[in-house]
Structures are given as structure tokens and as C-alpha cells.
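> I'd like to go over a predicted model; first the sequence, then the structure.
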Amino acid sequence: MKKILFLIFAALMLCVAAGCDHLPASVPDNPPPSESDDVPPAEPDGEQAEPPTPADPAVYIFVEGAFVGSWQDGAFKSLNHAGGVFGDEYISAFMLQEILTPGMYYAYDETGLIFTTDKIGLYVSDGVGSFAGPEIRAALMNEGQANYDVGSAGTNRVLQLPHTLGDTAKNAIIPGYSFFINFTGWEQGVEPPQLAVSRPLDLSARRLDHEVVPDPEDYDEIRKIFAMYEVKEEPYFWTCVDGDFDGDGEIERLLVAGNPDQPYIHNDPADQTGSFYSIALLRESDGNYVNLFKYLTRDKNDVTDWNHLQFCGAYDINGNGKYELLFSLRAWESGFNFVLSFIDDGEWATVLRCNWGM
């Protein structure tokens, strides 16, 4: 027995001397697979790349029934040049099919959501605000249902949304001037909503006070502008609204001033010193005034200088907690609708615009 134990001990000493220091204490129940086994590759170290997030659908935007552009992928896209530069090269190309793809539009005014609709009225005939090319117009006349109201000569179409245009009509590009949609195309004489969009808005946090009246300081600020431009008028305010327009938690005041007798055409030679004016200001919480818009003329006798600025509401269109401010400037036989957005550091900029008129 002692001899057997001695032999075992000697064998162990030889293994240690030869470097056999990794002998397992026991054989595992499931031995590791050989290279020939079908084994999935090991996952690489570190975080795995997330699959790409699909882009949100575009939000199509109409102010007072006129198409102004869209919001998509974190940016506004304006139909016309936001800065007011004219020319075909400054018109963004929108396909008609784009605005017909959503299944619903949501219409708002200062009270909130006023209606939803899955139908729109489309003007097709040749003329201002219609589509380029007789083939496109002829093809569009075969889309949807005709609206044969008096005066339309059957050139309005009512389209059920979503609507897929035919092979020729699908090439229709939205006109770059005076393009209006009637969101109640089967009802005539209905005023267009302040705002219509292809996605519902969350207005739960909107708090606007339309009952406030301008302070003496507000009148004085308008008088300062009049003095700079030699305008001999007394300020008159069409709009005075308090709200947190820029999302900073403080209350600002939106002011829109214009001639008290708008809409107005004057030809009295005795009024040579009179002026047309349209001014929009934002009074910040610290009392400073930010100029949003001004249009001033010196002679009421030139009817082509007539102008009137209408405030069309404040809405958070892009969902960033700040209001977009909607306006319509109505001038002699023309005008434009536009949207201002808060950029940063007290700066407001026009981000959407459409031109219209004769």
C-alpha cells in the first residue's frame, strides 16, 4: 500500500515539474463545444446601434384657408419666401398629393378646436391660384365630386380624404400664389378657420387673455414709431392679448395697431396728412417692446397703399412649448398670410408665408 501511494505522489510531482498546473478539479457536466459545433457568434462589446427612427409625417398648415407650408423633421418649409422675396425661384415645390394624403384636418380658432373634416374643396379652373397646365387642370376635373354652386361653373371639386390622385393629376404642383383650400367645400359662405393643420394640436396649456386693454405705455410706444416715420395719426389697437408666447413662464402682451376705420378706402383731398399703418408689437415681461411687423404709408389718398393687419391667433404648431403667431396682411388687391416663430434670445422670425391677391 505504501508503495502504491509513493508512485501516485511521484507521478504528481512529475506533472507539476512539467507545468501541468491547469488540471480541472472535476469534469463539467456540459463540456464546451468544439469548433465544429454550430454556435452563434458572440455579441460584440458595447452598446448596440438603435434602428433608425422613421421620420414623422409632415404637418401641412393653412392660415385663413391659404396654404403656407409645412412642419417636418424639425423645420418649417414655407410655400413662398419667408422674407418676402418674390420670384418663381423662391417658391417651394409642394405636390398636391402631399396635402391630400392625411385622412383628417383639424380647424382651430381662439376658442380651440372648432371642427374636423375629412373633405376639402379644391379650386381647379384656370386663373389666379389655379394649377399650371391644361392637362393637369383637365385631369383634376375628374377627381372627387363636382361642386356646382352658382358662380363656380362646376370648377370646384370636393375630395374625400385621404385621396390618391390619378396618373396625370398626381403631377399637380401646388400653385405658388393665391392657393386657397375650402375645408368646408360642400358649404358655401363659411369663413375659413384661423388655422387648419393635418395633425391635432395640444392646446391644453394655452392661456390667453383677450380681455386686457392697452396701457398708456403701449400708446406711447406706437407714437414713438409714428414720430420716426412722420405718421400723423393717433394710435388705435385692433388686438391686445396677454399670454406666455415664448414659453419662458412670464406673461407678454401682443399688440396690433391699425387705422380705426379699416377696411378703408379714402379719397378726401383734405386728408393729405393722413396715413395708413399696420404695426404688431410684443411687450415683454420687463417692459421692452419687440417689433414684429410694421407697414406704414404717408398718404391716404393713394388707395393702393391701403393695408390692414389681422391677427389670426397663437398656436403651438411644432409642439416646442412656444406659440407661433399667425397674421394676415390685407393690402390693395393683394396681401399675404404669414407665421412668426420664436427662435431664441427674444428673436422672432417669419417661418411661413403665402402671397395672394389679384
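Okay, I see it. Numbering: from 1, shown residues only.

> gap between the residue lying closest to Gly112 once chain neighbours are set aside and Gly258?
Nearest-residue entry for Gly112: Leu203, 5.6 Å, with adjacent residues in sequence omitted and distances by CB to CB, 6 or more residues apart in numbering. Glycine gets a C-beta too; all of them are placed from N, C-alpha and C. With distances defined as CB to CB, to the nearest Å, the gap from Leu203 to Gly258 amounts to 27 Å.

> ok, the two, which is more surrounded?
Gly258 (23 against 14; other CB atoms under 10 Å).

> how about that one: which residues does it bridge to?
Beta-bridge pairing of Gly258, defined through DSSP bridges, involves Ser278.

> hang on, the earlier thing: show me what contacts the residue nearest to Gly112?
With CB atoms under 8 Å, 6 or more residues apart in numbering as the criterion, the residues that contact Leu203 are Tyr108, Gly112, Leu113, Tyr315, Asp316.

> is it true that the last one touches Leu325?
No: look at Asp316 against Leu325 with CB atoms under 8 Å: they stay out of range, at 10.8 Å.

> higher neighbour count, those two?
Legend: neighbour count by other CB under 10 Å for Asp316 and Leu325, higher for Leu325 (25 against 17).

> so what's Tyr90 closest to, chain neighbours aside?
Sequence neighbours aside, His81 is the residue nearest to Tyr90 in space, at 3.8 Å (criterion: CB to CB, 6+ apart).

> where does the one you found land in three-state SS?
For His81, the reduced secondary structure class is coil; criterion used: DSSP: H, G, I helix; E, B strand; the rest coil.

> next, count neighbours for it.
Under the neighbour criterion other CB under 10 Å, His81 is assigned a count of 17.

> what of Asp202?
Neighbouring residues of Asp202 were enumerated by other CB under 10 Å; the total is 8.

> in which helix or strand would I find it?
Secondary structure assigned from DSSP states H and E places Asp202 in neither a helix nor a strand.

> quick check: it vs Gly84, distance?
Distance from Asp202 to Gly84, counting by CB to CB: 31 Å.

> ok, now Ala349?
Distance from Ala349 to Gly84, by CB to CB: 12 Å.

> about what we covered before: return the subset of the contacts of Leu203 lying in helices.
Secondary structure of the contacts of Leu203 is defined by DSSP state H; no position falls in helices.

> can you turn the buried part of these into a ChimeraX selection?
One line in ChimeraX is enough to select the buried ones among those; burial here means 16 or more other CB atoms under 10 Å:
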select :108,315,316
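
> mind putting the contacts of Leu203 into CSV with pLDDT and distance to Tyr123?
Output for those, formatted as CSV (pLDDT from 0 to 100; distance: CB to CB, whole Å):
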residue, pLDDT, distance to Tyr123
Tyr108, 95, 23
Gly112, 93, 28
Leu113, 94, 26
Tyr315, 96, 25
Asp316, 96, 30
